[in-house]
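Peer 1: A structural model of the following input is requested.
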Amino acid sequence: MSHLERYQRFREQGRELHSKIFDVYLDRDIIDETSQLLDLDRDGDALLYDTEEEQSVHMDFILHEYHQNGTTFVERYRDEEGGDSELERELLDAMVRAETSLFRVTEIDSSASQVVLEDVLGDETGIELTDRNFSRTAPPDILLFLRLVRLEDITMTSGLSFAFRPSTEEHLVSVYDQVLERTNRPESMSRFIIFHKLNRKYGLDVHQV
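Peer 2: Numbering: from 1, shown residues only. Down below sits the predicted model:
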């Protein structure tokens, strides 16, 4: 199996896993509580997503950032339900480890469906991300807020992505640092909420990146 075929299998398995996890754990109270944390618009009981992507953002937040009894739903599903195959178990372990950060695109290899990233909030460089869309459309130096899912031979995103102009980098990092100092939420959750708000103000349409 080629690298890209393996990548595609993991992408498809990831979508199936999301549905399985939501089928087991998701309820109205969780949707309401997490929508308040993300300050999503409402009309009575109905959520008003600004874009189709915002719904995916909300679901990523529920899966990876929302905790019940100190555990995320991805962790809980892995520990309680396990996986139906070796591929699914491998992906679940990677999803549990997955973290967000702000990255700068430094290189692009569209023939291999890869972009090379530098972690703006950390010190890691040379991160090889497999992503068909970004490898075809992302310009050099564009900033991407992503959740990286790192498997043994493939790094891909969870599906979450915000995009920002390179010129906004200093301001984004400054706002993030200032707000983080004032919050008492877990750092990972705070990072997500802060960049979700920054995306509403400064973000680009990821489909046009």
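Peer 1: Name the spans of this protein whose pLDDT lies under the cut-off.
Peer 2: Residues of the chain that meet the criterion pLDDT under 70 lie in 207-208.
Peer 1: Can you show me the helices along it?
Peer 2: Taking DSSP state H as the criterion, the chain contains helices spanning 3-25, 28-37, 52-64, 73-80, 86-97, 132-137, 169-182, 187-202.
Peer 1: Now tabulate these in a markdown table and tack on mean neighbour count and distance to T155.
Peer 2: Backbone N, C-alpha and C define where each C-beta goes, glycine included. A markdown table is the format used below for the helices of the chain (neighbours: other CB atoms under 10 Å; distance: least, CB to CB, whole Å):
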| stretch | mean neighbour count | distance to T155 |
| --- | --- | --- |
| helix 3-25 | 15 | 10 |
| helix 28-37 | 13 | 26 |
| helix 52-64 | 19 | 16 |
| helix 73-80 | 18 | 17 |
| helix 86-97 | 17 | 9 |
| helix 132-137 | 16 | 12 |
| helix 169-182 | 13 | 22 |
| helix 187-202 | 18 | 18 |
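Peer 1: what separates the residue located most distally from the centre of the chain from G159, distance-wise?
Peer 2: Distance from the C-alpha centroid of the chain peaks at G44, with 28.0 Å (CA atoms, centre = their mean). Separation of G44 from G159 (CB to CB, to the nearest Å): 28 Å.
Peer 1: Same question for R150.
Peer 2: In this structure, R150 and G159 are 15 Å apart, going by CB to CB.
Peer 1: same thing with T125?
Peer 2: When distance is defined by CB to CB, T125 is 24 Å away from G159.
Peer 1: More neighbours: which of these two?
Peer 2: Here T125 and G159 are compared on neighbour count by other CB atoms under 10 Å; more neighbours surround G159, at 18 against 11.
Peer 1: Name the nearest residue to the more buried one, ignoring sequence neighbours.
Peer 2: S56 (5.9 Å; CB to CB, 6 or more residues apart in numbering).
Peer 1: what residues go with each domain of this structure?
Peer 2: Each domain of the chain is listed here as a residue range: 3-96, 98-208, per automatic domain parsing.
Peer 1: Go ahead and confirm D41 touches H58.
Peer 2: No: in this structure, D41 sits apart from H58 without contact. The criterion is CB atoms under 8 Å, and the distance is 11.5 Å.
Peer 1: list residues touching both of the two?
Peer 2: Between them, D41 and H58 share these contacting residues under CB atoms under 8 Å, 6 or more residues apart in numbering: 47, 49.
Peer 1: so what's E169 up against?
Peer 2: Counting by CB under 8 Å, 6+ apart, E169 touches 102, 104, 120, 143.
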